[in-house]
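Colleague: Mind looking at a prediction? Sequence and model below.
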Amino acid sequence: MSIMEYNGGSVIAMVGKDCVAIACDLRLGNQAQGISTHFEKIFPVTDRTYVGLAGLASDVLTLREKFRFRVNMYTIKEEREIQPETFAHLASSTLYEHRFGPYFIEPVIAGMQKTPSGAYKPFIAAADLIGCLNFAKDFVLAGTASEKLFGVAESLWEPDLEPEDLFETISQTIMNAVDRDAYSGWGCMVHLITQDKVVTRTLKARMD
């Protein structure tokens, strides 16, 4: 068994029309044994940037605090809010620093990137456990349900989805995928990010 599957859990981010969504399941387990039914894996970086951490639960908590510290230092030094793409590179370098004794985490980053004109465009990225970044225009994902998420997402995702359509698409994707993965599930949390606001919804799922 891979150490990445020890606690289970999955995260996915999707791009829509002037919006982006990121979702995770809520299960925390010790292999097949359930420990918690409400273990959040997505954390706010700024008002318009969120990071999802899939992997070993102890490293999820460690990296959450390390990212928070480094983002605060960036904000103090630069006197501006960190952008999603900049945070993606910060996360990548943080993981790469520990490549010889890596954090067992695959981060998924989603947010609204500010352009030089002042408008916002959706941004998503993911990385492996040593920080190799993967940028995409449709969706990125990580976790024990990856294979199932890829299959459902490729079937359901369409370009230029409106916010509510994007919410429905990412919700159906993660709910159907985690139903087919024993290490993920027990409800999901979805964050829908637009230029003006963030809408967070919790979804109930099978608890068996």
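Modeller: Arrived safely, thanks for sending.
Colleague: All the strands of this structure, residue numbers only.
Modeller: Using DSSP state E, the strands of the chain run over 10-16, 19-25, 28-30, 33-36, 42-46, 49-55, 105-114, 120-127, 133-135, 139-143, 188-194, 198-203.
Colleague: Any idea which residue is closest to the centre of the chain?
Modeller: G52 (2.9 Å; Cα atoms, centre = their mean).
Colleague: Mind pulling up the pLDDT for that one?
Modeller: On the pLDDT scale, G52 is placed at 96.
Colleague: for the longest helix along the chain, the distance to its chain's centre please.
Modeller: Counting by DSSP state H, the longest helix found in the chain is helix 57-78. Relative to the chain's own centre, helix 57-78 is displaced by 15 Å; criterion: Cα atoms, centre = their mean, to the nearest Å.
Colleague: what do you get for stretch 71-89?
Modeller: Put simply, stretch 71-89 sits 18 Å off its chain's centre (Cα atoms, centre = their mean).
Colleague: average pLDDT across it?
Modeller: For stretch 71-89, the per-residue pLDDT averages 95.
Colleague: quick revisit: mind listing what's buried in the longest helix of the chain?
Modeller: 57, 59-60, 63-64, 67, 70-71, 74 (16 or more other Cβ atoms under 10 Å). Quick note: C-beta positions are derived from backbone N, CA and C, even for glycine.
Colleague: Show me what that helix is packed up against.
Modeller: strand 42-46, strand 49-55, helix 84-97, strand 105-114 (3 or more Cβ pairs under 8 Å, 6 or more residues apart in numbering; DSSP states H and E).
Colleague: Turn the ones you listed into TSV, including distance to E5.
Modeller: Output for the helices and strands packed on helix 57-78, formatted as TSV (distance: least, Cβ to Cβ, whole Å):
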stretch	distance to E5
strand 42-46	19
strand 49-55	9
helix 84-97	19
strand 105-114	12
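Colleague: most neighbours per residue, which of the ones you listed?
Modeller: strand 49-55 (a mean of 27; mean count of other Cβ atoms under 10 Å).
Colleague: Flag the shaky bits of this structure, pLDDT-wise.
Modeller: Low-confidence segments of the chain, defined by pLDDT under 70: none present.
Colleague: The same query, at a cut-off of 90, please.
Modeller: 1-5, 31-34, 36, 115-119, 180-182, 185, 205-208 (pLDDT under 90).
Colleague: For S2, find the nearest of the strands of the chain.
Modeller: Between S2 and those, the shortest gap by Cβ to Cβ is with strand 49-55, which sits at 9.8 Å.
Colleague: tell me which strands and helices the closest one is in contact with?
Modeller: So strand 49-55, by 3+ Cβ pairs under 8 Å, 6+ apart, packs with strand 10-16, strand 19-25, strand 42-46, helix 57-78, helix 84-97, strand 105-114, strand 139-143.
Colleague: I'd like the ones you listed as CSV, with distance to L156 appended.
Modeller: Shown next, in CSV, are those (distance: least, Cβ to Cβ, whole Å):
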stretch, distance to L156
strand 10-16, 9
strand 19-25, 12
strand 42-46, 20
helix 57-78, 27
helix 84-97, 24
strand 105-114, 17
strand 139-143, 10
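Colleague: wait, which of these is closest to D165?
Modeller: Across the helices and strands packed on strand 49-55 (criterion: Cβ to Cβ), the nearest stretch is strand 10-16, sitting at 7.1 Å.
Colleague: Fine, thanks again, bye for now.
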